[in-house]
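Student: Okay, structure incoming, though there's no sequence with it:
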């Protein structure tokens, strides 16, 4: 028995040495491995979870514009410069592995890897409904109507209790969630029971970022069983809403697309795609509303300027029994609120940090901005972290400050280093609708409510483990008092 144990240990050591030798000889040794913050086996996982902004900025200062990190069993070549990263994004040798992420995060079946036509047809729907005015207009208008109806019901409830003039206490994040979740879901998915979805969404979303990490399957089964079950419940719930009334044309076209591939795409499997679409419509938008409201409310000049702009460009919609079919704002009217849009873009700069990845499909040499040439082997992963660029003083003077008019009359897609929604072909297709939702929600909440913040000086920290996956929520909610304007 002792001999057997010793043999196993010896074999393990030999295998580790072979792997280590192969790894050393198969990688470009001119790309330094960041020993800072690295531990045996897990690599940089602990620092990445705790505070990836601090970790990656410190590594950049120590190792330069490119270096390697390790997250358990996955290694990344980190590229620091946004200019170098855009070269990689535009290079056909590097591909965004969206399907693999879908398999990992939402539990897609691997069968999708053999049906690339679904991805092509889905992209066509993105262009048709999310990337042009004709497609966006009906969804934006319906969202405005749904939100107006929610606020109308809320105000009537206060009036019935004779408490319209009284201040109500809540959390700003909870208020943001409550005001966005139902209108957004109904506007996109039609008349479905949102309360069933909401319970599972909250649970899954709270730990969503862990599904993004390269962790072994046993970790999710053992430590995130409730969240994994919530994800499954979300996917199964769509089977009870197969043909909802008043769904957006975008969602109706998606349902038709799934039906056209029913020979291999089951209702259970399509439910996972619907869950991915559902989370994408809310996961970053809710914290986006929170942070936009927070920064605007604590900046007196921004608040006055934006409220004046809202009153000027957005018609007053009564929160009464006025026909809701005629009570809405259009994308064109929302586009007129340029200070509000700038403030939202500035907020996203401060809190929106994406960890973008690409996989090398063939051996490639790239020349970086500083003249370095690095050789990338097929199968290696590269990454760029937007959070570091967004607080780079060379790109954004006074980078840690909220300057609400920083993006005034600027086309944000052309601002160097500003990529909160990704870049290249894989850039978030819903980014325009997300901005309209945030803009609408903030405008309505400022137009029809007034607020009191107990502490407007202290900026809450973001949930550190969530940073890098879009817009991270605060690590705790902010107490706020509100009431409807009479």
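Tutor: It's in. Predicted model only: the values in this text are computed from it and were never measured. Residues are numbered from 1 along each chain as shown.

Student: My read is that residue 364 contacts residue 379, right?
Tutor: No. Because the distance of 11.5 Å does not satisfy CB atoms under 8 Å, residue 364 is recorded as not touching residue 379. For glycine as for every other residue, the C-beta is placed from the backbone atoms N, C-alpha and C.

Student: Pick out whichever of the two has more residues nearby.
Tutor: residue 364 (17 against 11; other CB atoms under 10 Å).

Student: backbone phi and psi for the more buried one, please?
Tutor: In terms of degrees, to the nearest 10, the main-chain angles of residue 364 are phi -140, psi 140.

Student: Tell me who's in contact with the residue lying closest to it once chain neighbours are set aside.
Tutor: Ranked by CB to CB, 6 or more residues apart in numbering and with sequence neighbours excluded, the top spatial neighbour of residue 364 is residue 93, at 4.2 Å. Contacts of residue 93 were listed using CB atoms under 8 Å, 6 or more residues apart in numbering, and they are 360-362, 364, 376.

Student: same thing but at 10 Å, please
Tutor: In this structure, residue 93 makes contact with 358-366, 376, 378, judged by CB atoms under 10 Å, 6 or more residues apart in numbering.

Student: Quick one, which of these are buried?
Tutor: Judged by neighbour count, with 16 or more other CB atoms under 10 Å as the criterion, the buried members of the contacts of residue 93 are 358-360, 364, 366, 376.

Student: What residues of the helix or strand hosting residue 150 count as buried?
Tutor: Here residue 150 is covered by helix 133-160, with elements defined by DSSP states H and E. Going by neighbour count (16+ other CB under 10 Å), the buried part of helix 133-160 is 135-136, 139-152, 154-155.

Student: For that helix, what is the distance to the chain centroid?
Tutor: The gap between where helix 133-160 is centred and where its chain is centred comes out at 23 Å by CA atoms, centre = their mean, to the nearest Å.

Student: elements contacting that helix?
Tutor: Contact here means 3 or more CB pairs under 10 Å, 6 or more residues apart in numbering; DSSP states H and E; on that basis helix 133-160 packs against helix 116-130, helix 172-189, helix 249-260, helix 331-335, helix 431-448, strand 449-453, strand 479-484.

Student: among these, which is nearest residue 229?
Tutor: helix 172-189 (20.4 Å; CB to CB).

Student: Any buried residues in that closest one, and which?
Tutor: Buried, per 16+ other CB under 10 Å, within helix 172-189: 172-173, 175-189.

Student: Equivalent analysis for stretch 379-394, please.
Tutor: Applying 16+ other CB under 10 Å to stretch 379-394 flags 380-392 as buried.

Student: Which two among these are spaced furthest apart?
Tutor: Pairwise distances across the buried residues of stretch 379-394 peak at 27.5 Å for 380 and 391 (criterion: CB to CB).

Student: Can you list the low-confidence ranges for the chain?
Tutor: In the predicted model of the chain, residues 1-27, 323-326 satisfy pLDDT under 70.

Student: Run through the strands of it in chain order.
Tutor: Along the chain, the segments classed as strands by DSSP state E run 66-71, 74-79, 94-95, 168-171, 352-360, 364-367, 373-376, 381-385, 449-453, 469-471, 479-484.

Student: Which residues are in contact with residue 129?
Tutor: 135-136, 138-139, 248-251, 253-254, 429-430, 433.

Student: how about 6 Å then?
Tutor: Applying CB atoms under 6 Å, 6 or more residues apart in numbering, one finds that residue 129 lies in contact with 135, 250.

Student: Same check on residue 393?
Tutor: Applying CB under 6 Å, 6+ apart, one finds that residue 393 lies in contact with residue 399.

Student: What residues of stretch 264-276 count as buried?
Tutor: Neighbour-count burial for stretch 264-276, with 16+ other CB under 10 Å as criterion, is recorded at 265, 269-276.
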